[in-house]
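>>> Fold the following.
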Amino acid sequence: MFYALIFAPRKTNRTISMTNGTIERFLESAALKLPAIIKPRLENRTAREVYDEYAYLNFSLPEDLSIEEFCDELSESYGTTVLYHHMRSVDTDYGHSICAFQEPGTGVMFQLCATTDSRGKITEADVKVFFSLERMLAELRATLGRAAMQTGRFAYGITDHELLSLFF
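Sure, this is the predicted structure:
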């Protein structure tokens, strides 16, 4: 126990400023890239969680969006790729989930996920801002795997091979 305390990695002031700088760069660029989805003033700051390899942020959308409107916003954003669009049921707009990410080398690394509510509208988005390319790839692969295990079907989804090809 004593050994772990002495040699456990600690965040330095430099690491903390790099983390905060990455989050701030994401907030600035995402507000321009995805204005109908990300507004820094609408971040739920009490939900913000910062870890060694990523930060979790939650945003209320300025206006509720349908899944189609949300997809349109993502498709207009350079470097943003849809990982999947999953439908729990084709008979209802409830429970559609979508996940997208910023391709490596095209900006701040992030993953953005959202789900429709009982009205078929998306009201909030969860974002993970990554500080490590390896962690981002591992998280995207795990997210894709979890979505594949859910009931329902994919309206769209990239394969694990296609995902890997974007990173290498």
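
>>> For residue 72, pull up the helix or strand it's in.
When secondary structure is defined using DSSP states H and E, the element that contains residue 72 is helix 67-75.

>>> show me where this structure has strands.
Counting by DSSP state E, the segments of the chain that form strands are 49-50, 54-66, 80-87, 97-102, 110-115, 121-130, 153-157.

>>> will you turn those into JSON lines that also has mean neighbour count and distance to residue 143?
Quick note: C-beta positions are derived from backbone N, CA and C, even for glycine. Putting the strands of the chain into JSON lines (neighbours: other CB atoms under 10 Å; distance: least, CB to CB, whole Å) gives the following:
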{"stretch": "strand 49-50", "mean neighbour count": "12", "distance to residue 143": "17"}
{"stretch": "strand 54-66", "mean neighbour count": "17", "distance to residue 143": "12"}
{"stretch": "strand 80-87", "mean neighbour count": "20", "distance to residue 143": "7"}
{"stretch": "strand 97-102", "mean neighbour count": "23", "distance to residue 143": "6"}
{"stretch": "strand 110-115", "mean neighbour count": "21", "distance to residue 143": "7"}
{"stretch": "strand 121-130", "mean neighbour count": "20", "distance to residue 143": "9"}
{"stretch": "strand 153-157", "mean neighbour count": "14", "distance to residue 143": "11"}
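
>>> who are the neighbours in contact with residue 27?
With CB atoms under 8 Å, 6 or more residues apart in numbering as the criterion, the residues that contact residue 27 are 38, 40, 43.

>>> could you redo those residues as a markdown table and give each row neighbour count and pLDDT?
Below are the contacts of residue 27 laid out as a markdown table (neighbours: other CB atoms under 10 Å; pLDDT from 0 to 100):
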| residue | neighbour count | pLDDT |
| --- | --- | --- |
| 38 | 24 | 93 |
| 40 | 15 | 87 |
| 43 | 17 | 89 |
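
>>> Could you export those residues to a markdown table, including columns for distance to residue 140?
As requested, these are exported to a markdown table (distance: CB to CB, whole Å):
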| residue | distance to residue 140 |
| --- | --- |
| 38 | 19 |
| 40 | 24 |
| 43 | 22 |
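
>>> just those now: which is nearest residue 98?
When the contacts of residue 27 are compared for distance to residue 98 (CB to CB), residue 38 comes out closest, at 14.5 Å.

>>> Lovely, talk soon.
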